[in-house]
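Student: got a structure for you, letters missing:
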């Protein structure tokens, strides 16, 4: 069975050639100008990166997802009987919920530019389960009509017409397994060639490395009692034993946050002269704030969602506008990316165009209670929603009556093409 071959492990697993974990272990990753080694793993130690990735992945994972079928009138109906409905909505595989699966896949995409899952299927695309594959162990490659194969990276040129796409997955023992395009669900990020997404961490490693260096500098600053340092001056020359004793005594009693603000006792006419500046004076905090803004810009996450206002004049109304912008400009493209990738990789060819996969974005657009009430009232008065649909929107059970299923209009309203005309009443008073 292909699934057994993919996850077969040897008694003494070894790292495959070019394994990123092994490369990072021996310092094989390129360092930044700040001297920090930035990888997808080390970047998550930066609080802003961790927060951005968490917000984006968890927001996408919490949205309801449905399989729908297009209607002749342009509408869409949920198809609970579809083979993918329960799998995408509840249980993609034996050990993950839908939330956990989508969260994990989106984390991989955000940190590495690509997310992969093996499509375990009995026949064709009759999906049995979706099994995530670590992106570091998956390498796409194309095969031309003459049989020539070439690996595809984010910097590669787009494939030639007629080239077939495959994926090489490295097992735990380092041996490769070749998967066809029909066997892999591939969610890619921003791409230059349409095959492989670009790794945002590698693209912006200088900005992330600077944040890591600034954080390390701050830790060292407070290790020394939040002081840059100073000079001890002695009127005469110290002997070697006296110098050694003075150095050890000063370090034991003055360095570290626990020793900050203690009174120093100087002997034999010595005096202490501070050099440098404090963290605030050197605009250390301002630098930290800028790094938060820079990383938030990479992931398109509003600062207010990171607990960082940025603008001192920020108000509740402006924060709400930022959130709505987050929905429109960040989450809507991300959801569309997912929807179309799932349709491409999981639907039968005959289902394309008849069925679709929808993330229910209404969950994010509901707003406060007053705004929601006004919105639902307007929808009800224009016969856009029935009472039962409004109750369902609010998470309540339907009324169970025929009246609850009906649509209602204000009696004084007329179609636009009848403006100014006298309606026929059939002899009845109106």
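Tutor: It's in. The structure presented is a predicted model; accordingly, all values stated were derived computationally and were not measured.
Student: residues touching residue 60, list them.
Tutor: 102-103, 106, 331, 334-335, 338, 359 (Cβ atoms under 8 Å, 6 or more residues apart in numbering). C-beta: built from backbone N, CA, C; applies to glycine.
Student: Let me know the closest of the residues you listed to residue 75.
Tutor: Closest approach to residue 75 among those (Cβ to Cβ): residue 359, at 17.4 Å.
Student: What values do phi and psi take at the closest one?
Tutor: Dihedral angles of residue 359 (phi, psi; degrees, to the nearest 10) stand at phi -90, psi 130.
Student: For the stretch 151-300 of the chain, just list every one of the helices.
Tutor: Along the stretch 151-300 of the chain, counting by DSSP state H, counting those that start in this stretch, helices occupy 200-203, 205-223, 240-254, 284-299.
Student: worst average pLDDT in these?
Tutor: Between these, the one with the least mean pLDDT is helix 240-254; it has a mean of 66.
Student: how close does residue 85 get to residue 362?
Tutor: When Cβ to Cβ, to the nearest Å is the yardstick, residue 85 and residue 362 sit 19 Å from each other.
Student: For the two, indicate the residue with more neighbours.
Tutor: residue 85 (17 against 10; other Cβ atoms under 10 Å).
Student: residues contacting the more buried one?
Tutor: Applying Cβ under 8 Å, 6+ apart to residue 85 gives the contacts 66-67, 78-79.
Student: repeat that for 10 Å
Tutor: The contact partners of residue 85, taken as Cβ atoms under 10 Å, 6 or more residues apart in numbering, are 65-68, 78-79, 357.
Student: distance of it from residue 79?
Tutor: Here the criterion is Cβ to Cβ. By it, residue 85 lies 6 Å from residue 79.
Student: Likewise for residue 350?
Tutor: For residue 350, the distance to residue 79 equals 15 Å [Cβ to Cβ].
Student: Residue 139 contacts residue 167, correct?
Tutor: Yes: taking Cβ atoms under 10 Å as the contact criterion, residue 139 and residue 167 are neighbours in contact, 7.1 Å apart.
Student: Looking at these two, which is more packed in?
Tutor: Here residue 139 and residue 167 are compared on neighbour count by other Cβ under 10 Å; more neighbours surround residue 167, at 21 against 17.
Student: Surely that one is in contact with residue 345?
Tutor: No: the pair residue 167 and residue 345 fails to qualify as a contact (Cβ under 10 Å) at a distance of 11.7 Å.
Student: Give the residues shared as contacts by the two.
Tutor: Any residue near both residue 167 and residue 345 by Cβ under 10 Å, 6+ apart counts here, and that gives 181, 183-184, 186.
Student: Restrict the residues you listed to the buried ones and give me that as a ChimeraX selection.
Tutor: The buried subset of these, as determined by 16 or more other Cβ atoms under 10 Å, is captured in ChimeraX by this line:
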select :183,184,186
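Student: Could you export the shared contacts of residue 167 and residue 345 as a markdown table, including distance to residue 372?
Tutor: Rendered in a markdown table, the data for those read as follows (distance: Cβ to Cβ, whole Å):
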| residue | distance to residue 372 |
| --- | --- |
| 181 | 43 |
| 183 | 44 |
| 184 | 41 |
| 186 | 37 |
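Student: with the shared contacts of residue 167 and residue 345 in mind, which one is nearest to residue 59?
Tutor: Taking Cβ to Cβ as the measure, residue 59 lies nearest residue 186 of the shared contacts of residue 167 and residue 345, at 21.4 Å.
Student: quick one: contacts for the nearest residue to residue 306 once chain neighbours are set aside?
Tutor: Nearest residue to residue 306 in three dimensions, chain neighbours excluded: residue 51, at 5.3 Å (Cβ to Cβ, 6 or more residues apart in numbering). If a contact means Cβ under 10 Å, 6+ apart, then residue 51 has 292, 295-296, 299, 301, 305-308 as its contacts.
Student: Quickly find the element holding residue 51.
Tutor: Secondary-structure element containing residue 51, defined by DSSP states H and E: helix 47-62.
Student: Could you check the angle that helix makes with helix 284-299?
Tutor: Per axes from the mean of the first three to the mean of the last three Cα atoms, to 10 degrees, the angle that helix 47-62 makes with helix 284-299 is 30 degrees.
Student: elements contacting the very next helix or strand once past helix 47-62?
Tutor: If you walk from helix 47-62 toward the C-terminus, the next helix or strand you reach (DSSP H and E) is strand 65-70. Taking 3 or more Cβ pairs under 10 Å, 6 or more residues apart in numbering; DSSP states H and E as contact, the helices and strands that strand 65-70 lies on are strand 76-78, helix 85-89, helix 332-346, strand 355-359.
Student: what residues go with each domain of the chain?
Tutor: Using automatic domain parsing, the domains assigned to the chain come out as 31-113+199-224+278-365, 116-197, 229-275, 368-420.
Student: where among the ones you listed is the average confidence lowest?
Tutor: If the domains of the chain are sorted by mean pLDDT, domain 229-275 sits at the bottom with a mean of 60.
Student: Which of the contacts of residue 60 are buried, as a ChimeraX select command?
Tutor: Buried members of the contacts of residue 60 can be picked out in ChimeraX with the line below, counting by 16+ other Cβ under 10 Å:
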select :102,103,106,331,334,335,338,359
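Student: Closest one of the contacts of residue 60 to residue 397?
Tutor: Nearest to residue 397 among the contacts of residue 60, with distances taken as Cβ to Cβ, is residue 359, at 24.0 Å.
Student: so the closest one bridges to which residues?
Tutor: In this structure, residue 359 has beta-bridge partners residue 65, where bridges are defined by DSSP bridges.
Student: Isn't it up against residue 334?
Tutor: Yes: in this structure, residue 359 is within contact of residue 334 by Cβ under 10 Å, at 9.0 Å.
Student: Identify the contacts common to those two.
Tutor: Counting by Cβ under 10 Å, 6+ apart, the common neighbours of residue 359 and residue 334 are 60, 63.
Student: and residue 48, what does it touch?
Tutor: If a contact means Cβ under 10 Å, 6+ apart, then residue 48 has 208, 211, 215, 288, 291-296, 298-299, 301, 303, 306, 308 as its contacts.
Student: The same query, at a cut-off of 8 Å, please.
Tutor: Counting by Cβ under 8 Å, 6+ apart, residue 48 touches 211, 291-292, 295-296, 306.
Student: Nearest to residue 90 among those?
Tutor: Nearest to residue 90 among the contacts of residue 48, with distances taken as Cβ to Cβ, is residue 306, at 31.3 Å.
Student: Is it correct that the closest one is in contact with residue 292?
Tutor: Yes: applying Cβ atoms under 8 Å, one finds residue 306 in contact with residue 292, separated by 6.6 Å.
Student: picking up where we left off before, quick one: the contacts of residue 85 as JSON lines, columns for neighbour count and distance to residue 177 too.
Tutor: Rendered in JSON lines, the data for those read as follows (neighbours: other Cβ atoms under 10 Å; distance: Cβ to Cβ, whole Å):
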{"residue": "65", "neighbour count": "21", "distance to residue 177": "29"}
{"residue": "66", "neighbour count": "18", "distance to residue 177": "33"}
{"residue": "67", "neighbour count": "25", "distance to residue 177": "29"}
{"residue": "68", "neighbour count": "16", "distance to residue 177": "34"}
{"residue": "78", "neighbour count": "13", "distance to residue 177": "36"}
{"residue": "79", "neighbour count": "15", "distance to residue 177": "33"}
{"residue": "357", "neighbour count": "21", "distance to residue 177": "28"}
